[in-house]
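*Asks:* fold the following.
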Amino acid sequence: MKIITDIEEMKEFSRNLKKTSKKVSFVPTMGKLHAGHKKLVEEAKKYGEAVVSIFVNPMQFAPNEDFNTYPRDIESDAEILSDINTSCLFYPSGDIVKNNETFLIDPKYSEQFEGVFRPGHFQGVLTIVMKLFCIVEPDFAFFGLKDYQQYILIKKMAEDYFLDVKIIPVETVREKCGLALSSRNGYFDEEGKKAACAFYEALRKTADLFKTGEKSAEKLTYFVIKELINSGFAIDYARIADKGLNGGKRTVEQGDILLAAARFKKIRLLDNIFFG
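*Replies:* Residues are numbered from 1 along each chain as shown. The predicted structure is shown next:
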């Protein structure tokens, strides 16, 4: 596995792959890799040479968030990527955000759900992902569906700017209890992680209620909020939208999505489930 830290070297590596008719499959991450990231890489390898970036993006953290304490372990991450035959690890320096004076925003889709509770978050995400796309020049890019709003925004960005990259979603990887894998799960002790499993369970119960015939968005939302509160969660939001993230639904249909964010012992969890 080749490890690259220089932007121009990364551009050259990617372009040389394309000169030999190889496709570039890109997985952007913030490191502290787990089985969810490994699944992204395995999917990427089906489409071309897998390039993984590790960059903890300061632009997507609010001042009161955990940028300074966000888990980092580049040595372990590099070993994991090498073991699964990743072609290249791109580990750029902070120069990638130096003197940044232009930003990408999407007011319609950024300022709801996560955007309400994390102002400026998606401006930071879209700006850095666009920078990474310009450097790596991938044919395909892979994003986990746990961060569904992020996936929709990046897919829309690629379409709006006519980028030659296909955005491919990858199913969420979960613990046996259903808890979505996340680098932040490492903040939990064993007891806390066990209790946090009730988060996805509440979403699953709501989807089951839909299957039994309940179609009222108001009643389904009330149900999941009650389940989460009874399990000890402090709720940021629990909302139902269609798969394009258009909210305001009164009647839930198959293919719609329930998105939720909540805190347990000050640790924030994010997840979703489709109705079907």
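
*Asks:* pull the residues that contact the helix or strand encompassing Phe142.
*Replies:* Per DSSP states H and E: Phe142 is located in strand 140-144. The contact list for strand 140-144 (CB atoms under 8 Å, 6 or more residues apart in numbering) reads 23-28, 36, 39-40, 43-44, 47-48, 133, 150-151, 154, 158, 165-173. C-betas here are computed from N, CA, C, even on glycine.

*Asks:* how about that strand as CSV, C-alpha atoms only?
*Replies:* Presented in CSV, the C-alpha positions along strand 140-144 are these (Å, rounded to 0.1, in the frame of the first residue of the first chain):
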residue,chain,number,x,y,z
PHE,A,140,-16.4,6.3,-7.7
ALA,A,141,-16.8,7.5,-4.1
PHE,A,142,-18.4,5.5,-1.3
PHE,A,143,-20.4,6.8,1.7
GLY,A,144,-22.1,4.9,4.5
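
*Asks:* give the pairing partners of that strand; include direction for each.
*Replies:* With DSSP bridges as the test, strand 140-144 is paired with strand 24-29 (parallel), strand 166-170 (parallel).

*Asks:* okay, strands next: where are they in the chain?
*Replies:* In the chain, the strands defined using DSSP state E lie at 2-4, 24-29, 49-54, 88-90, 140-144, 166-170, 234-241, 257-264, 267-274.

*Asks:* of these, which is nearest Ile128?
*Replies:* Ile128 lies closest, by CB to CB, to one member of the strands of the chain: strand 24-29, at 8.1 Å.

*Asks:* can you find the helix or strand of the protein with the lowest average pLDDT?
*Replies:* helix 107-110 (a mean of 82; mean pLDDT, DSSP states H and E).

*Asks:* tell me the pLDDT at Pro58?
*Replies:* Turning to Pro58, the model gives it a pLDDT of 88.

*Asks:* which residues touch the residue lying closest to it once chain neighbours are set aside?
*Replies:* Nearest residue to Pro58, sequence neighbours excluded (CB to CB, 6 or more residues apart in numbering): Phe67, at 5.6 Å. Phe67 is in contact with 56, 58, 61, counting by CB under 8 Å, 6+ apart.

*Asks:* not counting sequence-adjacent ones, nearest residue to the first one?
*Replies:* Same thing as Val56. Leaving aside its sequence neighbours, Val56 sits nearest to Met30 (CB to CB, 6+ apart; 4.9 Å).

*Asks:* which among the contacts of Phe67 count as buried?
*Replies:* Buried by 16 or more other CB atoms under 10 Å: 56, 61, out of those.

*Asks:* let's have the contacts of Phe67 in a markdown table, adding distance to Ile105.
*Replies:* Output for the contacts of Phe67, formatted as a markdown table (distance: CB to CB, whole Å):
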| residue | distance to Ile105 |
| --- | --- |
| Val56 | 21 |
| Pro58 | 17 |
| Phe61 | 17 |
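
*Asks:* what angle sits between the top helix by length along the chain and strand 24-29?
*Replies:* If you go by DSSP state H, the chain has its longest helix at helix 121-136. Relative orientation of helix 121-136 versus strand 24-29 (axes from the mean of the first three to the mean of the last three CA atoms, to 10 degrees): 150 degrees.

*Asks:* tell me the buried residues in helix 121-136?
*Replies:* By neighbour count on 16+ other CB under 10 Å, the buried set for helix 121-136 is 121-133, 135-136.

*Asks:* state the mean pLDDT of that helix.
*Replies:* 95.

*Asks:* and it, what does it pack against?
*Replies:* Helix 121-136 makes packing contacts with helix 7-19, strand 24-29, strand 49-54, strand 88-90, helix 107-110, helix 114-117, helix 148-160 when contacts are defined by 3 or more CB pairs under 8 Å, 6 or more residues apart in numbering; DSSP states H and E.

*Asks:* can you do 7 Å?
*Replies:* Packing contacts for helix 121-136, counted by 3 or more CB pairs under 7 Å, 6 or more residues apart in numbering; DSSP states H and E, involve helix 7-19, strand 24-29, helix 114-117, helix 148-160.

*Asks:* present those as TSV; the columns should include distance to Met1.
*Replies:* Putting the helices and strands packed on helix 121-136 into TSV (distance: least, CB to CB, whole Å) gives the following:
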stretch	distance to Met1
helix 7-19	12
strand 24-29	13
helix 114-117	33
helix 148-160	25
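
*Asks:* and the ones you listed, which is most packed in?
*Replies:* Comparing those by mean neighbour count (mean count of other CB atoms under 10 Å), strand 24-29 ranks first with a mean of 26.
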